[in-house]
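> turn this into a structure:
(2 chains)
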There are 2 protein chains.
Amino acid sequence: MDTRTLGILGGGQLGRMLVESAHRLNIKTLLLDAPGAPAKQINALHDHIDGSFKDAAKIKELSQRCDVITTEIEHVDAAPLAELEKQGFEVWPSSATIITIQDKYVQHKHLAEHDLPLPYFIPIDTPTTEALEKTGAELGYPYMLKSRTMAYDGRGNYAVKSSTDIPAALEALGDKPLYAEKWCEFTRELAVMVVRGKDGQVASYPAVETVQENSICKYVYAPARNLSSELQSAAQKLAREAIACLPTGAVGIFGVEMFELPGGKLLLNEIAPRPHNSGHYTLSACEISQFEAHIRAVMGLPLPETIGEMKVQHCVMYNLLGEETIDVAKNSLSVEGASVYLYGKAEMKKGRKMGHINIVGSTPAEVDERLARVLGKKEPKRTPVVGIIMGSDSDLPTMRPAAEFLTKFDIPFELTIVSAHRTPERMFTYAQTASARGLQVIIAGAGGAAHLPGMVAALTPLPVIGVPVRGSVLDGVDSLHSIVQMPRGIPVATVAIGNSTNAGLLAVRMVGMGDLRVREKMEGFMRAQREEVEGKIEVLEKVGWEEYGLKK
Amino acid sequence: MDTRTLGILGGGQLGRMLVESAHRLNIKTLLLDAPGAPAKQINALHDHIDGSFKDAAKIKELSQRCDVITTEIEHVDAAPLAELEKQGFEVWPSSATIITIQDKYVQHKHLAEHDLPLPYFIPIDTPTTEALEKTGAELGYPYMLKSRTMAYDGRGNYAVKSSTDIPAALEALGDKPLYAEKWCEFTRELAVMVVRGKDGQVASYPAVETVQENSICKYVYAPARNLSSELQSAAQKLAREAIACLPTGAVGIFGVEMFELPGGKLLLNEIAPRPHNSGHYTLSACEISQFEAHIRAVMGLPLPETIGEMKVQHCVMYNLLGEETIDVAKNSLSVEGASVYLYGKAEMKKGRKMGHINIVGSTPAEVDERLARVLGKKEPKRTPVVGIIMGSDSDLPTMRPAAEFLTKFDIPFELTIVSAHRTPERMFTYAQTASARGLQVIIAGAGGAAHLPGMVAALTPLPVIGVPVRGSVLDGVDSLHSIVQMPRGIPVATVAIGNSTNAGLLAVRMVGMGDLRVREKMEGFMRAQREEVEGKIEVLEKVGWEEYGLKK
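Numbers count the residues shown, from 1 in each chain, chains lettered A, B, ... in the order given. This is a model prediction of the structure:
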């Protein structure tokens, strides 16, 4: 594919996964890190270089034995890289990119100068009590005190809740270059992987939701849960803009972290110029992993716009930290959709990232269930994929067969009362959140004016099945016409009057479109129906029409 | 996960992919093969053993440095393995398994003795003209002459078309131990990967279709195309039975090749006691790859029954042979769903397996298109996922909007005439093959008695949308009632009379259940409908109701 050798500064888990991807492309890699580093364990193509990725002499030695240099960590000394660039050596991402990113104050200033949204932040020239009090006066309390450099996994951040916190804050961070950020009341954290080629083109992966515990990333949900498609697009766009505004030479994969605020506003948090923990899910869930995307970018191989496409519908990544690793990893071996990736680290330390587990599934519910089992929780609740709603509890006898058939086909569903006329707000909320909550089909039963199915169909992109419920007058023909005669543009899949059996079976067929096991069950059900009739034919032939049905 | 070291006989591409899986589980592997073998390139945990995996002394050396031994090739000398077993050493699969499998005549005899279906075969004691003529008299011509040992990729097989071929057949295979097989007129070749644990439990992957060119596997379609669910289950069951009947110690992954005959009969072809080319698709398409399954089996880790589940809907594997490798691999980098796996082989030889490409997609059509682009073919045809059918060409004006909306949403469809009453056989065939041909939904329009939607629904497990077409009398209410009032058990999703727009949009919503991009497009469409009305509201407010609509 490419006969050049790629030198990598750092051989931790990120380097290890980069090397794995490079192997699959027959691209040779050469590592600079301590002996036995995780990445070195899986690369016997060379004697690697032992030493620190911060050591200028070692970096020089690396450059003499490879054609291109990249890094798996931003906390490197950029000076020797700049020196190599001057001599015409390829370094991706460039030293200028690393310099812009590794000092978070410089990074934020750069992004702000390009009109990108960030929490309000100010520099702190000298960390004194007076300076921090002045900061408090400007930003209000609480505010976030941050180290400009060498900050990761929550280290280097201090929440200053009031002026009385200042001595402790100085104690914690006073020896570091600092800046301060206005307190940001975010709803949750999102992240987007972006890859940028040598031509400056950028492509993004889906926006994911990162969940931290003790400031360390613990879970990553891909795509982010309950995120509207508008916000999903907006988050990817913001991430691409953040990477597109970086200096020339910003080539490779980048992790872009952001905050989602109430109301759906997005603010950038920070950027990492390398593969990122929030992108590990891509190994199991995407057509091309973040690691291969990085290798392709720095080696100048194609980066189609679609590189970030997911090949499965949902994935959750779970970080294995310290002592829990072996137990949780072993659990995962018995859970469908789970695959474990251990990093080959020699020493197990508290909180150390030892590996991760990716869990794929076809609905958010399915990955939640599987995650619960990986974590040793028994019988987790299955999230419904079909919603059965009806205008009134008096419709329940009519709607019950739909629920019974979904149970028979083992398809998780919810059943509740939603009335178009008596609970219009509830109907709006139900329909508008249905897709994001993981529902795939809605069955709505209604009698008389029977507006529920059509109104729900107007508020969701999901298919809606309407069941006309027979009332005391007009034999249900009123409801049938009300449900089936929808205007062009908003369809309702209508079944026979009172026939919620068929509504349930139609929902099963729809779920079966994407699930072969369900489709096979439907074939089995149809076979059983046929055999039942064949049984009756046999009896009819045996006993004759005269006797048939007269005695049991 | 396991602190023991796994020794592997052979370090080719299969060994390489085994080692990659072992790394992810932190399981140490140690290789016996020539220096620089593909698997050795990606394992720097030890100095490996240089030498032949057939050399008893080297196998002994390997055993002294590891805890368990497995093999990536069946053409090994089983005697030293048997010796190790006697000393209590773990060898998986066992020497008894290898002995049973590596001589294909012994293998077939074993399977036949367990009442498993095979092409009829007979031994040939001494390969003479007389013996081969006697064989021809018994089996008829053509028959297949086969080497009992060391046969792979078509080598060791000779088709004896008539008695005049016998001298050439002896020339080709006369120096080998032989047997002969009755000519098998198969429709195609299928294969199933089966994993067997130390407790004897077996689990299977889906049955795939293997397509050979010049007797070398070139394409693997997973799951096998147009295979009924009954045959899919039957193939997996047959494969599991073949592996379950092997002697104790048959532990690990096995490739089971079989023939599909006209009418759907299945015959076993042969078994490989190791990862298999027909299972490479599992790296991209399954929750757990065949390689990890093998590692788990031989190390005694969990093998849940669901281990073979696919996580994507469809996959095709394409083998990269010899000189084409670089060009095709480079092409693949620009095609969605394609991922390339190169083996690190030093020398490019004609026909040599240099790597493979896995292409995933959500329909058989999608993987076909992507494969065509990987192979440099432009603009391949997209296979339809929606079928629009109508009873008569006079229904076309009514059905046209459905086709227009599917076009607008970029969903591939087919449109044709199928009449329940005038072409009943065509209707049967259309409905019964729809699912296997890749259709996901059927839209059927009919007027008058309007039996088409319901009859089609009775013959397919797919969802069927019915469009009542308005006739010259009864205003279409006849068709509406005929389509919607289906008996319990067979649903038809009915839309308003003449409203094929909604049938098209309902099909789009159904496809969107499993395709987020389609769902987002539907949201955009609904937004545009809203905005169109909002535009009218604005105009109405501006010009007033008195003037509205009177002038353009």
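
> shaky segments in chain A?
A:153-154, A:379-380, A:551-552 (pLDDT under 70).

> just want the most central residue of it.
A:Ala222 (1.4 Å; C-alpha atoms, centre = their mean).

> what's near enough to touch that residue?
A:Ala222 sits next to A:Pro206, A:Val208, A:Glu209, A:Tyr281, A:Thr282, A:Ala285, A:Met310, A:His314, A:Cys315, A:Val316, A:Met317 when contact means C-beta atoms under 8 Å, 6 or more residues apart in numbering or on different chains. (C-beta placed from N, C-alpha, C; glycine too.)

> out of these, which comes closest to A:Ile73?
Of all the contacts of A:Ala222, A:Ile73 sits closest to A:Thr282, with 18.9 Å by C-beta to C-beta.

> I'd assumed A:His294 was in contact with the closest one.
No - look at A:Thr282 against A:His294 with C-beta atoms under 8 Å: they stay out of range, at 10.6 Å.

> circling back: partners of the residue nearest to the centre of chain A in the sheet?
A:Ala222 has these beta-bridge partners by DSSP bridges: A:Cys315.

> so how far is B:Leu283 from it?
20 Å (C-beta to C-beta, to the nearest Å).

> A:Ala420 now?
Plainly put, A:Ala420 is 50 Å away from B:Leu283 if you go by C-beta to C-beta.

> got it, and A:Asn226?
Separation of A:Asn226 from B:Leu283 (C-beta to C-beta) stands at 32 Å.

> what about those two, which has more around it?
Neighbours were counted for A:Asn226 and for B:Leu283 using other C-beta atoms under 10 Å in any protein chain shown; B:Leu283 has more, 21 against 15.

> my read: the more buried one touches B:Ile357, true?
No - the criterion here is C-beta under 8 Å, and B:Leu283 misses it with B:Ile357 at 10.8 Å.

> between the two, what contacts are shared?
Joint contacts of B:Leu283 and B:Ile357 (C-beta under 8 Å, 6+ apart) are B:Tyr341.

> now, which of the contacts of A:Ala222 lie within helices?
A:Thr282, A:Ala285 (DSSP state H).

> looking at the contacts of A:Ala222, which is nearest A:Ile166?
Nearest to A:Ile166 among the contacts of A:Ala222 is A:Glu209, at 33.5 Å by C-beta to C-beta.

> what's around the residue lying closest to that closest one once chain neighbours are set aside, how many residues?
Using C-beta to C-beta, 6 or more residues apart in numbering or on different chains and skipping the chain neighbours, the partner closest in space to A:Glu209 is A:Ala224 (3.8 Å). Neighbour count of A:Ala224, defined by other C-beta under 10 Å: 21.

> isn't A:Ala224 up against A:Tyr205?
No - with contact defined as C-beta under 8 Å, A:Ala224 and A:Tyr205 do not form a contacting pair (11.5 Å).

> overlap of the contact sets of those two?
Residues touching both A:Ala224 and A:Tyr205 (C-beta under 8 Å, 6+ apart): there are none.

> and the nearest residue to A:Val106 once chain neighbours are set aside, what are its phi and psi?
Excluding the flanking residues, the one nearest A:Val106 by C-beta to C-beta, 6+ apart is A:Thr100, at 5.9 Å. Backbone dihedrals for A:Thr100, given as degrees, to the nearest 10, come out at phi -70, psi -30.

> wait, what's in contact with A:Thr100?
Contact analysis of A:Thr100 by C-beta under 8 Å, 6+ apart lists A:Val106, A:Gln107, A:His110, A:Leu246, A:Pro247.

> give the full set of residues in contact with the residue in the stretch 101-250 of chain A that chain B sits nearest to.
Residue nearest to chain B within the stretch 101-250 of chain A (C-beta to the nearest C-beta): A:Ser229, separated by 4.2 Å. Counting by C-beta under 8 Å, 6+ apart, A:Ser229 touches B:Leu516, B:Arg519, B:Glu520, B:Glu523.

> equivalent analysis for A:His294, please.
A:Leu18, A:Ser21, A:Thr70, A:Val195, A:Gly252, A:Ile253, A:Arg274, A:Pro275.
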